[in-house]
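# Mind folding the following:
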Amino acid sequence: MSGPVRVGILGAGNVCEHYLPQLVEYPDIDIRVIGDRHADRASSRATAFGIPRSGSVDDVLRDGEVEAVINLTPPAAHLETSLAALAAGKHVYTEKPLAMNPGDARTLVDAAERADVILGSAPDVTLAPGFQAALRALGGGDIGAPIFARGEAVLAGPEIWHPRPQFLYAAGAGPLFDIGPYYLTALVAALGPVRSVTARGTRKAERRVIGSGELAGQDFPVEVPTLVAAILELHSGISATLLLTFDSATHRGGWMEVLGETGTIRVPDPNGSDADGSILRGADWEPIEWSGTFAALAPGVVNFARHVRGTEPLVVDGVRAAHVVDIMTAIQDAAASGDRVEISSTFSESPLLPLGWNPAESTL
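Take a look at the predicted model:
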């Protein structure tokens, strides 16, 4: 089969609002229908973005034109909706996280294998050309053999700006599950799977206060650690550290770097808009040159669609995403118990894309 991949969207909420302006500009993706449990919301999105049809989630799954589904439902609904799409014979690309726990993630991977369809998942941060260039420099030995890696996301609490931040402090969220997928995906893409973790988690306060919107001034409970520090042992034999927090007094952003025998590579912030990586081999940081088109959002959907057509390797692999879920859960368990936690899952090496890869190009 050739031509743009015909897709259906599941979920017409806030995440969809961020995805659609970019998706409708990609010529290798043909959005045929959007479904949501609120039919009026799906209809509104369809009208706004020129999508031919709208309806319920079941309408999308029954649509004979739809080859692949982009799952933009809330994280707690990912298992049910992705399983239903896989059972309907649709390829599935889902917003992060792949699932809420390792068992559910494994269920999705196994279901995709049985149905002989493709399972992909955000985050797609490693597809940015600056990140790909940093990976090429790392793989090409520009800093010698890697010896250590570290990443940090030092953030002020989202209650400062988010009008309804309660869900970000509930079970299954916090900086570990909300921000962690970006940094852990970047880490394993650069250095391979994680074998074990130790960790500590703390929280600055038991309750927080909403700072904006119609609920400003109301307080709410904090159910999860708001600062997580982890030490990760990789299969390669090197170690990495990761700090994720909502407890900073100021919003300082994040970064990730790999130390090697002859230099250091700093990749673009996995949770930011940085386009450039840089390399340190002497006194000064130097930018890593790259070519291609920088897409702010959803280049992973294009890689997924082209893989469905058999023209590209799959970078946004569901198996890798399941491993990231395993790592996050292991960090959570290690922080709670104080023990070292082993991780049994793994994944194949993340492929690189061709130089000049462009998600906005028509290739199918």
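# Tell me where the protein has helices.
For the chain, the helices defined by DSSP state H cover 14-23, 39-49, 57-62, 78-87, 102-115, 129-139, 174-178, 180-191, 299-308, 318-337.
# Nearest to P270, out of the ones you listed?
helix 180-191 (4.0 Å; C-beta to C-beta). C-beta here means a position set from N, CA and C on the backbone, and glycine is covered the same way.
# Show the average pLDDT along the closest one.
Throughout helix 180-191, pLDDT has a mean value of 96.
# just stretch 315-334 next, same as before
Stretch 315-334 comes out at a mean pLDDT of 97.
# going forward, begin numbering at 147 instead of 1
From this message on, residue numbering opens at 147, which makes the last subject stretch 461-480.
# Next, the buried residues of that stretch.
Across stretch 461-480, burial judged by 16 or more other C-beta atoms under 10 Å covers 461-478, 480.
# Also stretch 173-186?
For stretch 173-186, by 16+ other C-beta under 10 Å, it's D174, I175, D176, I177, R178, V179, I180, G181, D182.
# Dump those to JSON lines, plus pLDDT.
Converted to JSON lines, the buried residues of stretch 173-186 look like this (pLDDT from 0 to 100):
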{"residue": "D174", "pLDDT": "97"}
{"residue": "I175", "pLDDT": "97"}
{"residue": "D176", "pLDDT": "97"}
{"residue": "I177", "pLDDT": "97"}
{"residue": "R178", "pLDDT": "97"}
{"residue": "V179", "pLDDT": "97"}
{"residue": "I180", "pLDDT": "97"}
{"residue": "G181", "pLDDT": "96"}
{"residue": "D182", "pLDDT": "95"}
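# A223 versus the nearest residue to V151 once chain neighbours are set aside, what's the distance?
Take V151 and drop its neighbours on the chain: the residue closest to it by C-beta to C-beta, 6 or more residues apart in numbering is A451, 4.0 Å away. For A451, the distance to A223 equals 23 Å [C-beta to C-beta, to the nearest Å].
# So which of these two has more stuff around it?
A451 (29 against 16; other C-beta atoms under 10 Å).
# ok, now which ones touch the most centrally placed residue in the chain?
Nearest to the mean C-alpha position of the chain, counting by C-alpha atoms, centre = their mean, stands P269 at 1.8 Å. Residues in contact with P269 (C-beta atoms under 8 Å, 6 or more residues apart in numbering) are K242, P327, Y328, T331, P416, G446.
# Looking at this protein, which residue reaches furthest from the middle?
A429 (33.6 Å).
# quick one, what contacts that one?
The contact partners of A429, by C-beta under 8 Å, 6+ apart, come to none.
# got any ranges where the stretch 347-496 of the chain has weak pLDDT?
419-420, 441-442 (pLDDT under 70).
# quick one: the strands in it?
353-355, 365-367, 373-380, 385-391, 399-406, 410-413, 424-426, 431-433, 487-488 (DSSP state E, counting those that start in this stretch).
# Of all pairs in the contacts of P269, which one is the farthest apart?
Farthest-apart pair in those is P416 and G446; separation 13.3 Å (C-beta to C-beta).
# related to what we said a few turns ago, identify, from the contacts of P269, the entry nearest to T492.
Using C-beta to C-beta, the contacts of P269 come closest to T492 at T331, 14.7 Å.
# can you pull the contacts of the closest one?
T331 neighbours (C-beta under 8 Å, 6+ apart): P269, V271, T272, P416, R466, A467, V470.
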